[in-house]
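> After the sequence you'll find the predicted model.
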Amino acid sequence: MRIYTSYFYQIRNFPPNLVPLSTAVWAPKWFKKNNRQYKDSRGVINGIEARIFAPIDSHCLQCTNDMKVTIAGDGCPFKYWYRKQLDELDFCWVWSKFVDLAKRIKEKEGFDPDFALMLHEAPGNICSERSVIQDWFKDNGNPIWEWGYDTMSRDKLITKLKQQTT
């Protein structure tokens with residue numbers, strides 16, 4: 001079982017064994033048809049939410065939309081509070097939930113799933129909580145990466161973005 005980050009637009013490119021899990025406060029309407037899980041035309045399961053990763057509403061209000069603060073890394077109040085939120089989670093418990101879900105999917109669908117934690121923003125958007133999620137997994141001994149971006153590490157992407165804004 002592998003875990004990735006990705007964004008909702010990318011689901012159209014997922015193989016059937018990659019199960020998207022929404023981390024969004026508000027997922028796109030199409031993600032849950034009639035508030036239910038479903039398989040799309042390619043067999044990808046849609047509609048499962050990972051609510052424990054959804055930012056708390058009051059943290060969302062901390063966003064300054066200041067690109068210079070965000071590029072600096074630790075100056076973004078939203079990312080600071082979101083990391084605090086994740087640090088309150090017991091990583092072993094969270095991991096056990098992934099394992100349980102993988103077992104249920106294997107029993108019902110007959111395949112070993114990988115998971116993608118879904119965000120609204122594309123990987124190049126540094127105002128996303130993606131880096132916080134990836135760092136939290138890495139700091140807990142289980143690094144994860146962006147699905148489909150295996151050839152460019154997050155650090156290289158951030159360096160490239162910094163160069164573009166200076």
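Cool, got the structure. Numbering: from 1, shown residues only.

> Least confident secondary structure element in this protein?
helix 67-72 (a mean of 46; mean pLDDT, DSSP states H and E).

> Next secondary structure after that one?
helix 77-87 (DSSP states H and E).

> For Ala102, see how far away the nearest residue to Phe91 once chain neighbours are set aside is.
The shortest distance from Phe91 to any residue other than its chain neighbours is 4.1 Å, reached at Asn140 (Cβ to Cβ, 6 or more residues apart in numbering). Using the backbone N, CA and C atoms, a C-beta is placed for each residue, glycine as well. Asn140 is 18 Å from Ala102, where distance means Cβ to Cβ, to the nearest Å.

> Ok, Glu88 next?
According to Cβ to Cβ, Glu88 stands 24 Å off from Ala102.

> what do you get for Val44?
Counting by Cβ to Cβ, the gap from Val44 to Ala102 is 16 Å.

> what residues are up against the closest residue to Ala27 other than its chain neighbours?
The shortest distance from Ala27 to any non-neighbouring residue, by Cβ to Cβ, 6+ apart, is to Glu49 (6.8 Å). Contacts for Glu49 (Cβ atoms under 8 Å, 6 or more residues apart in numbering) come out as 21-22, 27, 32.

> Phi and psi next, for Glu49.
Backbone torsions for Glu49, taken as degrees, to the nearest 10, come to phi -110, psi 140.

> who does it bridge with?
Taking DSSP bridges as the rule, Glu49 bridges to Ser22.

> For the chain, which segments count as helices?
Counting by DSSP state H, one finds helices in the chain at the ranges 57-60, 67-72, 77-87, 91-109, 130-139, 154-165.

> Select from those helices the stretch with the lowest mean pLDDT.
Here the lowest mean pLDDT among the helices of the chain goes to helix 67-72, at a mean of 46.

> you'd agree Pro143 is up against Gln134?
Yes: if you go by Cβ atoms under 8 Å, Pro143 and Gln134 touch, sitting 7.3 Å apart.

> quick one: which of Glu88 and Ala102 has more around it?
Ala102 (17 against 8; other Cβ atoms under 10 Å).
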